[in-house]
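Asks: When you get a sec, could you give me coordinates for this:
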Amino acid sequence: MQLILGMQCAHDGSLARSADRQARLADLVVDPRWVHPFKLVSVGYIPTMDREPRFPGQIPRTQLRASALTSLASASAEYVSFSTSKKEVSDHADFKVDTGRHTVYQPDAPQFANAKWRVPPNVDLESAVAAWVELQHAVIETIAALHAVIVTATNPYVMSAERWLSLTSVDDTVMHPHPEEISAYARKRDQLGKEYVRKPRWGTYLKPAHVAAVGGREKILAVVKPPVVRDVGDLLYVQLSERVSDATSEAAKARWQAFADLLAPITVPMHG
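Replies: As a prediction, this is how the structure comes out:
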């Protein structure tokens, strides 16, 4: 089965107020580390404002960066989505980001972004994934994330739930192993990245306040013993295995449990 990676994050909405970061994000939209170039741009418009700009049809690669910047900078844009196809089966990469402009109506609510990436065939798995994760670091820093996760999956329904915090059922069977967890994140989405964080995933990004709340960086390193730790802006990034092929290994599972136990005091309650 094809390996899928995903990113989901809560951010502070300040992207709308920074032309420099909008330009940087437009650069990242056309970054070759996506491997699958985006072809479609879709804008969600703020109600009562002009529904411009519009991007009908596929966008030539030479025009993608300009289209990305125009959409991200538009005063009408509530969110912007980039994708490779309208059909799920051939939509190998996509990226959606709230611009932060509707925070005028919800000034304290976090904004969200997420991405999906199907690892292409005929590539060196570890190097391609490492490059994509580095790309997500740049995205997360550029949009000023409050908290984020990098997820691995082979089931597209599981990945969809992880990204959109919405469950799918097939033949009356919920397509996520922990539906109560996804439902809890959906209920508390206005507090994600602030009062609460998600349970760990293969990669987890924490703000300084989150790190301090569980005893500090050194305690995380001592308890979890993660093989990959780095600073991404002001976030601490913790990855549970060096290689993505070891993401579900027994060692990674043990680190996950230790990390989940450590983060429990600030993790979204599963009930209530």
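Asks: need the contact list for the residue lying closest to V29 once chain neighbours are set aside.
Replies: Closest residue to V29 apart from its sequence neighbours, by Cβ to Cβ, 6 or more residues apart in numbering: A68 at 4.3 Å. Heads up, the C-betas are built off the backbone N, CA and C, glycines and all. By Cβ atoms under 8 Å, 6 or more residues apart in numbering, the contact set of A68 is L25, A26, V29, V30, V41, V80, F82.
Asks: Neighbour-wise, which one of those leads?
Replies: V80 (28 neighbours; other Cβ atoms under 10 Å).
Asks: Look up phi and psi at that residue.
Replies: phi -130, psi 140 (degrees, to the nearest 10).
Asks: Ramachandran angles for the residue nearest to it when sequence neighbours are not counted?
Replies: Closest residue to V80 apart from its sequence neighbours, by Cβ to Cβ, 6+ apart: S71 at 4.6 Å. For S71, the backbone dihedrals (degrees, to the nearest 10) come out as phi -70, psi -40.
Asks: quick one: pLDDT of G272?
Replies: As predicted, G272 sits at a pLDDT of 64.
Asks: My error: substitute P156 in the last question.
Replies: 95.
Asks: Go ahead and confirm it touches I4.
Replies: Yes. With contact defined as Cβ atoms under 8 Å, P156 and I4 form a contacting pair (6.4 Å).
Asks: Check which residues of stretch 162-170 are buried.
Replies: Buried residues in stretch 162-170, counted by 16 or more other Cβ atoms under 10 Å: E162, R163, W164, L165, L167.
Asks: So what touches the longest helix seen in the chain?
Replies: In the chain, assigned by DSSP state H, the helix with the most residues is helix 125-142. For helix 125-142, the external contacting residues (Cβ under 8 Å, 6+ apart) are 3, 5, 7, 9, 15, 21, 24-25, 28, 31, 33-35, 95, 113, 115, 117, 119-120, 148, 150, 203, 205, 230, 232-233, 235, 237, 239, 243-245.
Asks: can we see that at 7 Å?
Replies: In this structure, residues lying in contact with helix 125-142 by Cβ atoms under 7 Å, 6 or more residues apart in numbering are 5, 7, 9, 21, 24-25, 28, 31, 33, 35, 115, 117, 119-120, 148, 150, 203, 205, 232-233, 235, 237, 243-245.
Asks: what does stretch 108-117 give?
Replies: Under the contact criterion Cβ under 7 Å, 6+ apart, stretch 108-117 has outside partners 4-13, 34, 93-98, 100, 103, 132, 136, 143, 146, 159, 163-164, 190, 192-194.
Asks: roughly how far apart are A73 and A16?
Replies: 9 Å (Cβ to Cβ, to the nearest Å).
Asks: and these two? which has more neighbours close in?
Replies: A16 (22 against 16).
Asks: per-residue confidence at the more buried one?
Replies: Per-residue confidence (pLDDT) for A16: 94.
Asks: Please, where are all the helices along the stretch 1-150 of the chain?
Replies: In the stretch 1-150 of the chain, the helices defined using DSSP state H, counting those that start in this stretch lie at 19-29, 61-73, 125-142.
Asks: angle of the longest one against helix 19-29?
Replies: So the one you mean is helix 125-142. 160 degrees (axes from the mean of the first three to the mean of the last three Cα atoms, to 10 degrees).
Asks: Using neighbour counts, trim the contacts of stretch 108-117 to the buried set.
Replies: 4-11, 13, 34, 93-98, 100, 103, 132, 136, 143, 146, 159, 163-164, 192-194.
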